[in-house]
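Visitor: Here is a sequence with its predicted model. Questions after.
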Amino acid sequence: MKKTVPVIEVKNLTFAYDKQIILDNISLAVEEKDFLAIIGPNGGGKSTLLKLLLGILKSKQGSIEIMGKSPSQSVSLIGYVPQNTNINTDFPIKVIEVVLMGHVGSKKPLFGYGKEEIACAMGALEQVGMGAFAQSKIGSLSGGQRQRVMIARALCAHPKILMLDEPTSNIDIQGQREIYELLKILNQNMTVIVVSHDISVILEYANKAAHINKRLSFHDISDKKMMFHPHSQEEHFCEVELLQMLGTQKDHRYAKKENQIKWSTKK
C-alpha cells in the first residue's frame with residue numbers, strides 16, 4: 001500500500017521571540033481532510049503556530065512542509081480567516097466587495113473586478129449561506145454573519161486547507177454552532193484547522209486535537225463514542241475528558257463554568 005503524504009508536516013519546530021521560547025520542539029502531521037482543533041491556554045503558542053504555518057513568521061529551528069512546499073510557497077493553497085479581520089463596520093463597504101478581496105494574486109483593478117471574479121465571490125457567498133446579503137453593508141450584519149462573509153472571502157482562493165484563528169469569538173452559542181456546522185460541510189472537500197477556546201463545541205466536530213502550551217500533545221479523537229461520555233442525548237461530549245487524555249491536568253488548573261473552560265497556568 002502506498003504511504004500517504006501529510007498535507008502538513010511539522011518536524012522539531014522551535015520558535016522564540018528574542019530569547020523567550022514560545023514553541024519547543026513541536027512535531028505533528030495533518031492528513032488530507034482532517035479537522036484539527038488547536039487548543040490551549042492564552043500565550044501557549046496556538047496563534048504563533050498558525051502564523052508559522054502561514055509563513056507570516058519564520059523559525060530558524062525545525063521544518064514545516066505544506067503539501068511538499070515551504071509555507072512561503074504555499075500561499076495559494078491556504079485560505080485564512082484571522083481572529084481580527086480589521087473590517088471597519090462603519091465603512092460603507094458591501095459584502096460582495098469584502099469577499100472580492102479574497103482573490104489571491106489578483107491585481108486590484110482600476111476598472112473593477114472581472115465577471116469571473118464576481119461570479120466566484122457570489123459562489124463563495126452562496127456556499128456559506130450569505131448569497132442574499134451580497135449587496136448589504138458589512139456593518140449591518142451580525143457577528144456570525146460577518147464571520148461567514150470572512151470565510152467566503154477565504155474560499156475565493158480555492159484553498160486546499162482552511163485555517164481559522166478563533167472564528168467564533170464574540171459570537172453567541174447558536175452562532176458558534178452554525179459556524180462549526182458550516183466548517184463541517186467545508187471539511188468534506190478540504191482540510192480544516194481551527195484555533196479555538198470553544199472546547200465544548202469544537203470537540204463534536206474535530207477528528208484531531210492538538211493541545212499547545214509551549215510543547216504539544218496530539219491525539220486522534222475520531223471515535224468519540226469510544227473515548228468520551230456524552231452529557232446528553234444530543235451527544236455533547238465531555239471536554240474535561242479530552243483535557244485529561246491530553247495530560248494537561250499536570251500542567252494547568254482549569255475550572256468549568258457554564259460549559260466554558262477558563263485556563264490559568266500554575267505559578
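Guide: Perfect, thanks for sending it.
Visitor: Show me the strands in the stretch 51-200 of the chain, by range?
Guide: 61-66, 78-81, 161-165, 191-195 (DSSP state E, counting those that start in this stretch).
Visitor: Using CSV, lay out the ones you listed together with mean pLDDT, mean neighbour count and distance to Glu117.
Guide: Every residue, glycine included, has its C-beta placed from N, CA and C. Listed next are the strands of the stretch 51-200 of the chain as CSV, based on pLDDT from 0 to 100; neighbours: other CB atoms under 10 Å; distance: least, CB to CB, whole Å:
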stretch, mean pLDDT, mean neighbour count, distance to Glu117
strand 61-66, 95, 17, 25
strand 78-81, 94, 24, 16
strand 161-165, 96, 23, 20
strand 191-195, 96, 24, 24
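Visitor: For Lys137, find the nearest of the ones you listed.
Guide: strand 78-81 (20.2 Å; CB to CB).
Visitor: Can you tell me the strand partners of the closest one and which way each runs?
Guide: If you go by DSSP bridges, strand 78-81 pairs up with strand 161-165 (parallel).
Visitor: ok, and what's touching the partner strand?
Guide: 7-8, 47, 50, 53-54, 66, 77-83, 151, 154-155, 183, 186, 190-195 (CB atoms under 8 Å, 6 or more residues apart in numbering).
Visitor: Tell me how far it lies from the chain's centre.
Guide: 4 Å (CA atoms, centre = their mean, to the nearest Å).
Visitor: relative to strand 191-195, how tilted is it?
Guide: For strand 161-165 against strand 191-195, the angle by axes from the mean of the first three to the mean of the last three CA atoms, to 10 degrees is 10 degrees.
Visitor: In CSV, could you pull the C-alpha coordinates for strand 161-165?
Guide: Listed next in CSV are the C-alpha coordinates belonging to strand 161-165 (Å, rounded to 0.1, in the frame of the first residue of the first chain):
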residue,chain,number,x,y,z
ILE,A,161,-6.5,24.0,3.5
LEU,A,162,-8.7,26.4,5.5
MET,A,163,-7.2,27.9,8.7
LEU,A,164,-9.2,29.9,11.2
ASP,A,165,-8.0,31.7,14.3
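Visitor: Measure how it sits relative to strand 61-66, angle-wise.
Guide: Using the same axes, to 10 degrees: strand 161-165 against strand 61-66 is 120 degrees.
Visitor: Which stretches in the stretch 101-250 of the chain count as helices?
Guide: Secondary structure of the stretch 101-250 of the chain by DSSP state H, counting those that start in this stretch: the helices cover 115-127, 143-155, 173-186, 199-202, 224-227, 239-245.
Visitor: The second one versus helix 115-127: what angle between them?
Guide: What it means is helix 143-155. 140 degrees.
Visitor: Could you export helix 143-155 as PDB, CA atoms only?
Guide: Below are the C-alpha coordinates for helix 143-155, written out as PDB (Å, rounded to 0.1, in the frame of the first residue of the first chain):
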ATOM      1  CA  GLY A 143     -21.200  38.900  14.200                       C
ATOM      2  CA  GLY A 144     -22.000  35.400  13.000                       C
ATOM      3  CA  GLN A 145     -23.000  36.700   9.500                       C
ATOM      4  CA  ARG A 146     -19.800  38.700   9.200                       C
ATOM      5  CA  GLN A 147     -17.700  35.700  10.100                       C
ATOM      6  CA  ARG A 148     -19.400  33.700   7.300                       C
ATOM      7  CA  VAL A 149     -18.500  36.600   4.900                       C
ATOM      8  CA  MET A 150     -14.900  36.300   6.100                       C
ATOM      9  CA  ILE A 151     -14.900  32.500   5.400                       C
ATOM     10  CA  ALA A 152     -16.400  33.200   1.900                       C
ATOM     11  CA  ARG A 153     -13.500  35.700   1.300                       C
ATOM     12  CA  ALA A 154     -11.000  32.900   2.200                       C
ATOM     13  CA  LEU A 155     -12.800  30.500  -0.100                       C
END
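Visitor: For that helix, which outside residues touch it?
Guide: With CB under 8 Å, 6+ apart as the contact definition, helix 143-155 has outside contacts at 79-81, 85, 87, 89, 95, 98-99, 101-102, 121, 124-125, 127-130, 133, 138, 141, 162, 164, 167-168, 170-172, 174-176, 178-179, 182-183, 186.
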